[in-house]
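> Pasting a predicted model and its sequence here:
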Amino acid sequence: MEISQGQVVNVIVKIDYRKEIVETKDSVVYNVIDNKIIIAQTKPHISREDLNKEVYVTYLEKSAGKPVRYGFPATIIELTKYLKPVSEKKTQAIVLFQKGPWEQYNLRMFYRHEPPSNSGIDFFVYGNKVNIIDISIDGVSFSHNNIRRVKVNDRVKTILVIGEKVFQVKARVVHVRKPEGKMTEKNIRFISMRFLDINGETKKELGKKIWNIERDLHYKETNRMS
């Protein structure tokens with residue numbers, strides 16, 4: 001399922017987890033050189049301000065006669081001119097560096113889900129179990145009142161427990177918020193983290209859990225409306 005020349009791609013440049021809004025830019029692959037992928041300038045355009053930005057590239061392939069979307073993480077490393085072989089004219093292009101292997105892509109796995117108390121998912125920061133607010137294969141939000149002070153951009157070693165399996169995951173703090181209004185617990189903090197090195201096995205186990213959560217929520221909603 002490797003990406004190839006002439007393939008149509010969708011470049012995901014931003015995901016707003018709270019509003020479940022995904023910003024994508026369409027393009028086509030001009031050339032593939034090892035881990036470098038040259039694509040046409042996107043619509044809407046990618047600018048120099050986006051250099052070194054992490055994105056996610058997705059594309060469609062057929063599997064067992066059915067279209068399946070695959071994707072991989074990448075970094076925007078260069079804006080350049082590319083000579084198109086047929087027209088022999090130079091056109092704007094973007095050079096991406098593929099950071100990870102392709103995998104089957106499910107956008108729902110990147111949306112944050114609130115796990116029920118019996119979900120079998122636990123999250124530990126500095127050895128302290130925290131209260132998960134929502135979680136995806138890309139990151140987690142939680143509350144706590146007994147963890148040492150953390151700041152935005154701090155890199156933290158965490159432990160993710162899924163059923164009986166334990167995974168060590170590095171994460172980066174992306175948001176820290178104090179509670180609004182009057183609350184009895186003054187020391188509580190709401191923190192959001194992005195996973196940095198989540199491997200294939202962890203993604204698989206967490207993805208299955210998230211899928212089960214979504215399925216159960218859909219089942220309950222369907223029964224409520226029937």
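Okay, I see it.
> May I have the strands that pair with the strand ranked longest in the chain, each with its orientation?
Secondary structure of the chain per DSSP state E: the longest strand is strand 66-83. Applying DSSP bridges, strand 66-83 is found paired with strand 54-63 (antiparallel), strand 90-98 (antiparallel), strand 103-104 (antiparallel).
> Turn these into a markdown table, including mean neighbour count.
C-beta: built from backbone N, CA, C; applies to glycine. Formatted as a markdown table, the strands paired with strand 66-83 follow (neighbours: other CB atoms under 10 Å):
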| stretch | mean neighbour count |
| --- | --- |
| strand 54-63 | 16 |
| strand 90-98 | 18 |
| strand 103-104 | 14 |
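> Now the ones you listed in TSV, please, with extra columns for mean pLDDT.
Shown next, in TSV, are the strands paired with strand 66-83 (pLDDT from 0 to 100):
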stretch	mean pLDDT
strand 54-63	86
strand 90-98	93
strand 103-104	76
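> Let me see the ranges of the helices in this structure.
Using DSSP state H, the helices of the chain run over residues 200-225.
> Now do the domain split for it, please.
8-105, 110-225 (automatic domain parsing).
> Tell me which of these sits nearest to E2.
For E2, the closest of the domains of the chain is domain 8-105, at 6.7 Å, according to CB to CB.
> Could you list the low-pLDDT ranges of the chain?
With pLDDT under 70 as the threshold, the chain has low-confidence stretches at 1, 15-22, 85-87, 106-113, 148, 180-186, 214-226.
> For K43, which non-adjacent residue is closest in space?
Closest residue in space to K43, ignoring its immediate chain neighbours: D26 at 5.5 Å, by CB to CB, 6 or more residues apart in numbering.
> do the same with P116
The shortest distance from P116 to any non-neighbouring residue, by CB to CB, 6+ apart, is to I213 (7.2 Å).
> Could you report the distance from the one you found to N199?
21 Å (CB to CB, to the nearest Å).
> Next: R177.
R177 is 29 Å from N199, where distance means CB to CB.
> same question, S63
Using CB to CB, we find S63 at a distance of 23 Å from N199.
> follow-up on the earlier one: pretty sure the residue nearest to K43 is touching P44, no?
No - taking contacts as CB atoms under 8 Å, D26 lies outside contact range of P44: 9.1 Å.
> hmm, back to that, please identify the buried residues of the longest strand of the chain?
Using 16 or more other CB atoms under 10 Å as the test for burial, strand 66-83 gives Y70, G71, F72, P73, A74, I76, L79, Y82.
> Could you identify the most distant pair in those?
Y70 and L79, at 25.2 Å, using CB to CB across these.
> if we can go back for a sec, just put the domains of the chain in TSV and tack on distance to E2.
Formatted as TSV, the domains of the chain follow (distance: least, CB to CB, whole Å):
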stretch	distance to E2
domain 8-105	7
domain 110-225	17
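> In contact with Y105: list those residues for me.
Y56, T58, R69, Y70, G71 (CB atoms under 8 Å, 6 or more residues apart in numbering).
> Pull the number of nearby residues for the closest residue to I188 other than its chain neighbours.
Spatially, and ignoring its direct neighbours in sequence, I188 is nearest to N145 (4.5 Å; CB to CB, 6+ apart). N145: 12 surrounding residues under other CB atoms under 10 Å.
> Likewise for I135?
Each residue near I135 was counted by other CB under 10 Å, and the total is 24.
> What are the boundaries of the strands in this structure?
So, for the chain - with DSSP E - the strands run 8-16, 21-33, 36-40, 54-63, 66-83, 90-98, 103-104, 121-125, 128-129, 131-135, 139-144, 155-162, 165-177, 189-195.
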